[in-house]
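*Asks:* Whatever this is, show me its structure:
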Amino acid sequence: MAKKDKLKSAPSQDDVDQYQMLYPMVVADLTEVKSLSSKKPDGSLNKLKVNMINKKLEKIRNILASEPTVEFLDTLDSDSLPSNSDAVFIILQFKTAMEQFRTKYYTRDDDGDEHDFDQEWSWKTK
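*Replies:* All right, here's what the predicted structure looks like:
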């Protein structure tokens, strides 16, 4: 993707702010659900947990709306209440998509000198 095209699809500063707020929350959710899954893989999450996790996952889907990975991001089913192991799988998909998003848009400032180790890292936004 050309540099100009990449910036055209770049996130807004609000998207970046939301991302930075949500990423540690998703990591915490994943850690908690992994813990539940290691004890009872086939146990189900309760409705409260599913709704709280989905609130975050839906915001992440909005941030990643123009990314190819969004096609593979489904929220947890609040009607059938997913098993702990299924929830781990779903949340991990979101975490992975978020990490790909960060890799794509959080880059070193490019001043043309690839040997300049003092380059700053920053989000490339619209």
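
*Asks:* Kindly indicate whether P11 is helix, strand or coil.
*Replies:* Here P11 is coil, with the state taken from DSSP: H, G, I helix; E, B strand; the rest coil.

*Asks:* Let the chain start at 51 from now.
*Replies:* In the new numbering, first residue 51, that becomes P61.

*Asks:* what's the burial count for it?
*Replies:* 23 (other Cβ atoms under 10 Å). Any C-beta I mention is one placed from the backbone N, CA and C, and that applies to glycine too.

*Asks:* The nearest residue to E117 once chain neighbours are set aside sits in which helix or strand?
*Replies:* Leaving aside its sequence neighbours, E117 sits nearest to F151 (Cβ to Cβ, 6 or more residues apart in numbering; 6.0 Å). Counting by DSSP states H and E, the element that carries F151 is helix 134-155.

*Asks:* so for that helix, what's the average pLDDT?
*Replies:* Here helix 134-155 scores 97 as its mean pLDDT.

*Asks:* which residues touch the very next helix or strand once past it?
*Replies:* Moving toward the C-terminus from helix 134-155, the next helix or strand (DSSP H and E) is strand 156-158. The contact list for strand 156-158 (Cβ atoms under 8 Å, 6 or more residues apart in numbering) reads 169-174.

*Asks:* Sheet partners, orientation included, of strand 156-158?
*Replies:* Its sheet considered, strand 156-158 pairs with strand 171-173 (antiparallel) by DSSP bridges.

*Asks:* quick one: the strand it pairs with to chain centroid distance?
*Replies:* Computed by Cα atoms, centre = their mean, to the nearest Å, the chain-centroid distance of strand 171-173 equals 17 Å.

*Asks:* That strand: which residues count as buried?
*Replies:* By 16 or more other Cβ atoms under 10 Å, the buried positions in strand 171-173 come out as W173.
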